[in-house]
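**Q** Quick one: sequence plus predicted model below, questions after.
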Amino acid sequence: MKRLLLPLLCISALTVNADAAPLKKARLHRSPVKTELTKTPREKAGKSLRRAQADDAKWLASTQEISIFIDDEWLPVERFDITYNAQGAAETELDYDLEEGTISRLTYTYDENGFITRRLSEFSDDEGETFENSELLDRTYDSRIPSLIVANDQQLWVDGEWQKLGNNYKRIITRDDAGNITKMEIATLYEGEYDVSQYIEISYDADGKASTISEHVLDYDYANDSFYWKDGDTYSDIEWENTDGQIYQIDNLFRGDNRIKSATLTDSEGTEYSVSASYTQGSDSYIATIKTDDGEGFAMTAIQDFASTDAFGSYRYTTDVTYDEEGELYNEKMTETNTNDAWGNNLLYEVVYDIDGEEFIEERNVGTVEFDATYGYPTLYTLEVYDYETDEMGYYLRIAYSNYHDLAGVSATPAYDPAAPVEYYNLQGFKVANPESGIFICRQGNKVSKIIK
């Protein structure tokens, strides 16, 4: 048993998903936060920073240049030129591949809740003189849960036409008369048709709260050359801390609008676990205890402790699992730490395992930030990553931010010049030669003020 622990623990770095492994394995150490763990540090840092600034910052960087550290020097590899809408979300992104000399252009459309409904990707190999279609993504969302994607339509441009060759799926939501979700099916595109590949069913008691949640996954029987429905995990005898009946996944039932206080969990292998949880009022933090005992010499106790540490998405998540095999005890512990600053810069992401007192680092990314002395916005983000072979940290990626604008579209300048010409802009960010009536932004050097005419 003990020799199997390490490979099982390594599975835990996967992102939370619907077809999870049995609890006795990787699920015990799986993070409840849907991070982008399967991406490279370069992909994680670049995408997350652009998104965080668009959401949270007063000032928005219109230019971002990414460099990677190779042979003891920084090599620029990619540059983004970004325009924003009035809400601070990216409208267009020009992605310059500085190594290949190509340009990708992304154009975004959003719904009233700020979620992407369309993303058009185009490609240019002639320095931007002409662009050709590349990828088209269309999304629709659930009427009750604004963030829940119910249709993801991805098409690629092939031979002069759009073809559905990407990640195409639908979530089919069924609700009862009270508006509670009773079934959620995921259908994926296969040979031109959407086929259901997994689903969960939810049954409710007379009080309107879910009493049972069960998952089912389409599997293949090679011996009989046929598909069949395989039972996954099932929660029963559920007591809720809070619930709104909008349950569309069986994972991560310790956070959000549907949090379990206690339940019985039966995994796909038929093993039963008792589940209990306690919560911190007004916070996402919780402590969950999961136990099983087969009555034949094997018992397990797992304690999951999730603590939200600030308002910027930072957290600490630990799992402490003790196995008892006929009186012989084994212990595994995983600690995942994620720290962001107010701008969304990731300062630390770390996963550390401790197996029977022997500690080792699974992953460690450390970010440092330089800020503008006048306005306080980030100008340079540097990422270091852990090297398994040398057991040391090393430079990996750097992002330089420049050409900042505020939400009114006015550019920041390095210093105030009292002799600088006065410029006026309307609230849409367009320059106005002779402002007459209304509200305008006045800029002189780096001094910006709002005036009413």
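**A** Okay, I see it.
**Q** how far away is residue 255 from residue 279?
**A** For residue 255, the distance to residue 279 equals 9 Å [C-beta to C-beta, to the nearest Å]. Every C-beta, even on glycine, is put in place using the N, C-alpha and C of the backbone.
**Q** no, scratch that, I was asking about residue 316
**A** Residue 316 is 16 Å from residue 279, where distance means C-beta to C-beta.
**Q** go on, residue 196?
**A** 34 Å.
**Q** Just want to know which of those two has more residues nearby.
**A** Higher neighbour count among residue 196 and residue 279: residue 279, with 18 against 14, using other C-beta atoms under 10 Å.
**Q** Pass me the low-pLDDT residue ranges in the chain, would you?
**A** When residues are selected by pLDDT under 70, those of the chain lie in 1-58, 408-420, 425-431, 437-453.
**Q** Can you give me the domain boundaries for it?
**A** Listed domain ranges for the chain are 2-407, 420-453 (source: automatic domain parsing).
**Q** Packed most tightly, which of those domains would that be?
**A** Of the domains of the chain, the one with the most neighbours on average (mean count of other C-beta atoms under 10 Å) is domain 2-407, at a mean of 16.
**Q** just to revisit the earlier point, now do the shared contacts for residue 255 and residue 279.
**A** Residues touching both residue 255 and residue 279 by C-beta atoms under 8 Å, 6 or more residues apart in numbering: residue 286.
**Q** can you tell me the distance between the two ends of stretch 274-289?
**A** 8 Å (C-alpha to C-alpha, to the nearest Å).
**Q** Stretch 404-422 too?
**A** Termini of stretch 404-422 sit 19 Å apart (C-alpha to C-alpha).
**Q** so what does the longest strand seen in the chain touch, helix or strand wise?
**A** The strand that spans the most residues within the chain, counting by DSSP state E, is strand 226-242. When contacts are defined as 3 or more C-beta pairs under 8 Å, 6 or more residues apart in numbering; DSSP states H and E, strand 226-242 packs onto strand 210-221, strand 259-266, strand 272-279.
**Q** and these as a markdown table, adding distance to residue 247?
**A** As requested, these are exported to a markdown table (distance: least, C-beta to C-beta, whole Å):
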| stretch | distance to residue 247 |
| --- | --- |
| strand 210-221 | 6 |
| strand 259-266 | 10 |
| strand 272-279 | 15 |
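**Q** Of the ones you listed, which is nearest residue 327?
**A** strand 272-279 (20.8 Å; C-beta to C-beta).
**Q** got the angle between the following helix or strand past the closest one and strand 259-266?
**A** Per DSSP states H and E, strand 272-279 leads on to strand 286-293 as the next helix or strand towards the C-terminus. Interaxial angle, strand 286-293 versus strand 259-266 (axes from the mean of the first three to the mean of the last three C-alpha atoms, to 10 degrees): 20 degrees.
**Q** neighbouring strands for strand 286-293, and are they parallel or not?
**A** strand 272-279 (antiparallel), strand 298-308 (antiparallel) (DSSP bridges).
**Q** list the helices and strands the helix or strand that contains residue 353 packs on?
**A** In this structure, residue 353 sits in strand 346-355 according to DSSP H and E. Helices and strands touching strand 346-355, as assessed by 3+ C-beta pairs under 8 Å, 6+ apart, comprise helix 5-10, helix 41-56, strand 328-340, strand 358-371.
**Q** And residue 109, how far from residue 134?
**A** From residue 109 to residue 134 the distance is 16 Å (C-beta to C-beta).
**Q** meant to ask about residue 97
**A** Taken as C-beta to C-beta, the span from residue 97 to residue 134 is 13 Å.
**Q** Check residue 159 too.
**A** For residue 159 relative to residue 134 (C-beta to C-beta), the value is 13 Å.
**Q** before we move on, what about residue 80?
**A** On the measure of C-beta to C-beta, residue 80 and residue 134 end up 16 Å apart.
**Q** ok, now residue 364?
**A** Counting by C-beta to C-beta - residue 364 and residue 134 are separated by 35 Å.
**Q** same check, this time on residue 67
**A** Counting by C-beta to C-beta - residue 67 and residue 134 are separated by 25 Å.
**Q** Residue 192 too?
**A** From residue 192 over to residue 134 (counting by C-beta to C-beta), the distance is 22 Å.
**Q** next one: residue 155
**A** From residue 155 over to residue 134 (counting by C-beta to C-beta), the distance is 10 Å.
**Q** now swap in residue 169 and tell me
**A** For residue 169, the distance to residue 134 - C-beta to C-beta - is 20 Å.
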